[in-house]
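In: Pasting the sequence and the predicted model now:
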Amino acid sequence: MPRIRAGDAARSGQSKNRPCTGLISISCAQKRCIFQRCGLRDLISPRFVNFDFALVQVLLWIMQMGLHRIIISYDIACKYHINFMERIAERSWPLMTPTEQPLFSALIVVWLVPKFHLAAHIEGCADKFSFNWTKNVGRTCGELVESNWAALGMMATSIREMGFGHRRDTINDAMCDWNWRKATGESE
C-alpha cells in the first residue's frame, strides 16, 4: 500500500526554523470554495488546537446562517472528534462563549474521513466514518480540499521564505483568486 507523506517534514523536525509548519484549509466540500473566515491558517505545531480555532470560527459563521447539520470531512476525523467539545469549552482558553456552546450543541455535526484517506485507516474507521454509509451526502468523496492544495501548493517554495505579513497577504490573495475563479467559472 502506498505511503501518504503529507506533513512528514513537519513531524521529522526539518521545519524547526520555520515560522509555521504548514497551513490549515477549511473549504466547502460541495463548491470547493475556501472559507474566508479562517479558511487558511498557519499551522504552528501539529496540535489539535490550531485546527480547533479555525474550525470553530467557520462553525460559528455557519450557525449564524441558520444551518442545522454539517458534515466535517477531515483526514483524521476519527481521532480529532474525540473530546472536541471539551477542547473548545476549556475554561482556561474557551473558543466559544457560554452562550454559543448550547447553540453548537444543537447543531448536528457528522464527522467523516475522506474516501482516499479512509483506505489507510483501521477497519473500524471504515464503518463509522465512511461517506458511503452516511445518509444525505450523495456520492461525496470528501477530498475536494485536497484539490485546493494542488493549486495553492505551487506557491509553497516562494512563500516559505517570506515574512509573516507578506506571506499572509500572498496566501490571502491566492485564496481570494481561487474563490473568484470558482465563482466566475461555474457556468463553464
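Out: Sure, I can see it. Numbers count the residues shown, from 1 in each chain.
In: Phi first, then psi, for the residue nearest the centre of the chain.
Out: With distances taken as Cα atoms, centre = their mean, residue 26 lies nearest the centre of the chain, 3.8 Å away. For residue 26, the backbone dihedrals are phi -120, psi 120 (criterion: degrees, to the nearest 10).
In: and if you look at residue 74?
Out: Residue torsions, per degrees, to the nearest 10, at residue 74 are phi -140, psi 140.
In: how close does residue 146 sit to residue 28?
Out: Distance of residue 146 to residue 28, given as Cβ to Cβ, to the nearest Å: 14 Å. In short, each C-beta sits where N, CA and C put it, glycine included.
In: The residue nearest to the centre of the chain is in contact with residue 54, isn't it?
Out: Yes - judged on Cβ atoms under 8 Å, residue 26 makes contact with residue 54 at a distance of 5.7 Å.
In: which helices and strands does the longest helix along the chain pack with?
Out: Criterion DSSP state H: the longest helix present in the chain is helix 164-185. Counting contacts by 3 or more Cβ pairs under 8 Å, 6 or more residues apart in numbering; DSSP states H and E, helix 164-185 packs against strand 40-43, helix 144-152, helix 156-159.
In: Of the ones you listed, give the one that comes closest to residue 184.
Out: Among these, helix 144-152 comes nearest to residue 184, with 15.1 Å by Cβ to Cβ.
In: so how far is that closest one from its chain's centroid?
Out: 11 Å (Cα atoms, centre = their mean, to the nearest Å).
In: between it and helix 164-185, how big is the angle?
Out: Per axes from the mean of the first three to the mean of the last three Cα atoms, to 10 degrees, the angle that helix 144-152 makes with helix 164-185 is 110 degrees.
In: What ranges in this structure fall below the confidence cut-off?
Out: 1-22, 29-33, 35-47, 151, 187-188 (pLDDT under 70).
In: Going by residue numbers, what spans are helices in it?
Out: 8-12, 48-65, 77-80, 84-88, 100-106, 115-118, 123-128, 144-152, 156-159, 164-185.
In: quick one: contacts for the spatially closest residue to residue 116 that is not a sequence neighbour?
Out: Excluding its sequence neighbours, the residue lying closest to residue 116 (Cβ to Cβ, 6 or more residues apart in numbering) is residue 143, at 5.4 Å. By Cβ atoms under 8 Å, 6 or more residues apart in numbering, residue 143 lies in contact with 73, 114-117.
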